[in-house]
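K.L.:
Okay, sequence plus prediction incoming.
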Amino acid sequence: MNITNQTRRDFLKTIGAAVFSGAVLSRCSFGQRVRRPNVIFILTDDQGTLDANCFGSTDLHTPAIDRIAANGVRFTQAYAHTVCCPARAMLMTGRYPQRSNVNSWMQGKMRGPKELNMFRSEVTIAETLAKAGYRTGLFGKWHLGAHRDHGPTEQGFDEFFGIRNGFIDNYVHYQLHAAGYHDLYEGTEEVFHRGDYFPDLITDRALSFNAQRGPVVSPLNKTLLLVKILPEIGPSTLSGLLHRG
């Protein structure tokens with residue numbers, strides 16, 4: 001995909017995605033007459049360039065990712081910063097990260113002093129999709145500024161569940177650096193799920209969000225209930241991949 005001559009707005013429409021460690025963008029309701037595709041964008045953290053078989057890995061087996069790549073688009077020319085925040089800002093805004101105050105690692109606390117945060121003036125993909133009638137959710141890792149005046153729900157997302165800062169212990173959900181403060185939020189409200197595995201928590205929340213606004217694509221017993229609503233289940237959807245084996 002060549003985005004050299006595209007405007008920022010065109011780029012946002014093209015990628016049609018919201019960032020998070022897992023972000024889900026869904027239609028407002030089944031009753032809408034205008035058909036808008038659901039969009040699910042998954043951003044992995046700390047994944048190397050060869051950490052998928054479809055990109056050349058010989059020791060990692062990733063059949064599901066390989067099937068998605070075979071039925072979609074593979075990007076073979078890319079640039080990435082040494083830390084994740086700038087990439088998150090670029091995907092969120094469609095602009096170079098320096099323009100949004102994201103040059104490196106973002107740091108800070110929800111209730112602490114303002115440190116580094118992405119500029120609130122930046123227009124995100126979530127804000128753009130909202131104008132088109134979408135509801136948006138971000139589930140996982142934000143890491144574009146943890147302060148209470150910033151964050152996903154201040155930048156267009158209708159729902160957010162996850163961590164506002166960098167990285168946490170998967171079971172007690174405390175930051176693994178500095179003072180080790182707790183960092184798990186539903187929107188702007190701190191929540192506690194001690195003992196629950198963080199990847200399972202965000203996966204369940206993402207599936208729950210998508211199930212309300214459908215089409216539901218997994219598990220199969222729920223998918224089959226929507227066959228009348230969805231006359232075609234194409235290869236580009238997860239359910240299509242599951243049906244094909």
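P.N.:
Done, it's in. Residues are numbered from 1 along each chain as shown.
K.L.:
you'd agree residue 88 is in a helix?
P.N.:
Yes - under DSSP: H, G, I helix; E, B strand; the rest coil, residue 88 sits within a helix.
K.L.:
Report the contact partners of it.
P.N.:
19, 43, 102, 142-144 (CB atoms under 8 Å, 6 or more residues apart in numbering). For every residue, glycine as well, the C-beta is placed using N, CA and C.
K.L.:
Columns secondary structure on top of the residues you listed, output as CSV?
P.N.:
Formatted as CSV, the contacts of residue 88 follow (three-state DSSP):
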residue, secondary structure
19, coil
43, coil
102, coil
142, coil
143, coil
144, coil
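K.L.:
Just the closest of those residues to residue 64, please.
P.N.:
Residue 64 has its nearest neighbour among the contacts of residue 88 in residue 43, at 16.3 Å by CB to CB.
K.L.:
Neighbours of the closest one, how many?
P.N.:
19 (other CB atoms under 10 Å).
K.L.:
follow-up on the earlier one: out of the contacts of residue 88, show me where the pLDDT dips lowest.
P.N.:
Ranked by pLDDT, the contacts of residue 88 bottom out at residue 19 (37).
K.L.:
From the contacts of residue 88, list just the buried residues.
P.N.:
19, 43, 102, 142-144 (16 or more other CB atoms under 10 Å).
K.L.:
Domain boundaries for this protein, per the record?
P.N.:
Using automatic domain parsing, the domain parsing of the chain gives 8-46+84-214, 217-245.
K.L.:
Show me how far the longest one is from its chain's centre.
P.N.:
Read that as domain 8-46+84-214. Offset of domain 8-46+84-214 from its chain centre (CA atoms, centre = their mean, to the nearest Å): 6 Å.
K.L.:
again with stretch 58-73
P.N.:
Distance, centroid of stretch 58-73 to centroid of chain: 19 Å (CA atoms, centre = their mean).
K.L.:
measure that stretch end to end?
P.N.:
21 Å (CA to CA, to the nearest Å).
K.L.:
What residues of that stretch count as buried?
P.N.:
65, 67-69.
K.L.:
Specify which member of the residues you listed is nearest to residue 159.
P.N.:
residue 68 (24.5 Å).
K.L.:
Can you list the buried residues in the helix ranked longest in the chain?
P.N.:
Criterion DSSP state H: the longest helix present in the chain is helix 198-213. By neighbour count on 16+ other CB under 10 Å, the buried set for helix 198-213 is 198, 201-202, 205-207, 209-210, 213.
K.L.:
quick one: which two of the contacts of residue 88 are the most distant?
P.N.:
43 and 102 (14.5 Å).
K.L.:
Closest one to residue 114 out of the buried ones among the contacts of residue 88, please.
P.N.:
residue 144 (13.4 Å).
K.L.:
so where's the protein uncertain?
P.N.:
Along the chain, the model assigns pLDDT under 70 to residues 1-34, 110, 112-113, 178-179, 213-245.
K.L.:
What segments of it are helices?
P.N.:
8-15, 63-70, 85-93, 125-131, 198-213, 220-224, 238-244.
K.L.:
how big is the angle separating the longest strand anywhere in the chain from helix 198-213?
P.N.:
Ranked by number of residues, the top strand in the chain under DSSP state E is strand 135-141. On the basis of axes from the mean of the first three to the mean of the last three CA atoms, to 10 degrees, strand 135-141 is oriented at 170 degrees to helix 198-213.
K.L.:
So which elements touch strand 135-141?
P.N.:
The contact analysis (3 or more CB pairs under 8 Å, 6 or more residues apart in numbering; DSSP states H and E) places strand 135-141 against strand 22-26, helix 125-131, strand 159-163, helix 198-213.
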